[in-house]
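Colleague: With the sequence up front, the predicted model follows.
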Amino acid sequence: MFGIPGKQAVTLTPRAAARISRLMEKDGSKGLRLGVKKGGCAGMEYTMDFAQEVDPNDEVVEQDGARVMIAPMAQMFLFGTEIDYETSLLESGFKFRNPNVTEACGCGESIKFDETLGAAG
């Protein structure tokens, strides 16, 4: 497991926890699995999928009825991230405040990480 003992890999704002909890209830899933994949204009993209089971290698964060599982390959990229859920007149969705991101494109969905993170794997 990646990270600091006793410290959660990611934190959820109360709005994000409430939204994830509602989505879990509606879908009947065990939670949301977070990951990263190659793509987008900055090189990487976040992924979010409903999970029907918890993988033993996932980092699990539980808060206020919400459960987020972080895929093993994404743990080092997401460590220290705060996840929020924002609603505005034009859009609503999850926002990632990730200290590991060095660049992001205008859409906010495509990111670039500190290159030293990928060097270890």
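Modeller: Arrived safely, thanks for sending.

Colleague: What's opposite the residue most central in space within the chain in the beta bridge?
Modeller: The central residue of the chain, meaning the one whose C-alpha is nearest the mean C-alpha position (Cα atoms, centre = their mean), is residue 34 at 4.5 Å. Going by DSSP bridges, residue 34 is paired in beta bridges with residue 48, residue 70.

Colleague: Please tell me I have it right and it contacts residue 68.
Modeller: Yes. In this structure, residue 34 sits in contact with residue 68. The criterion is Cβ atoms under 8 Å, and the distance is 5.9 Å. No exception for glycine: its C-beta is placed from N, CA and C like everyone else's.

Colleague: Could you tell me which residues touch both of those two?
Modeller: With contacts taken as Cβ atoms under 8 Å, 6 or more residues apart in numbering, residue 34 and residue 68 have residue 10 as neighbours in common.

Colleague: where does the residue lying farthest from the centre of the chain sit relative to residue 13, distance-wise?
Modeller: Within the chain, the residue lying farthest from the chain centre (Cα atoms, centre = their mean) is residue 89, at 23.8 Å. Residue 89 sits at a distance of 20 Å from residue 13 (criterion: Cβ to Cβ, to the nearest Å).

Colleague: cool, and residue 83?
Modeller: To residue 13, residue 83 is 7 Å away according to Cβ to Cβ.

Colleague: and what of residue 43?
Modeller: In this structure, residue 43 lies at 26 Å from residue 13, with Cβ to Cβ as the measure.
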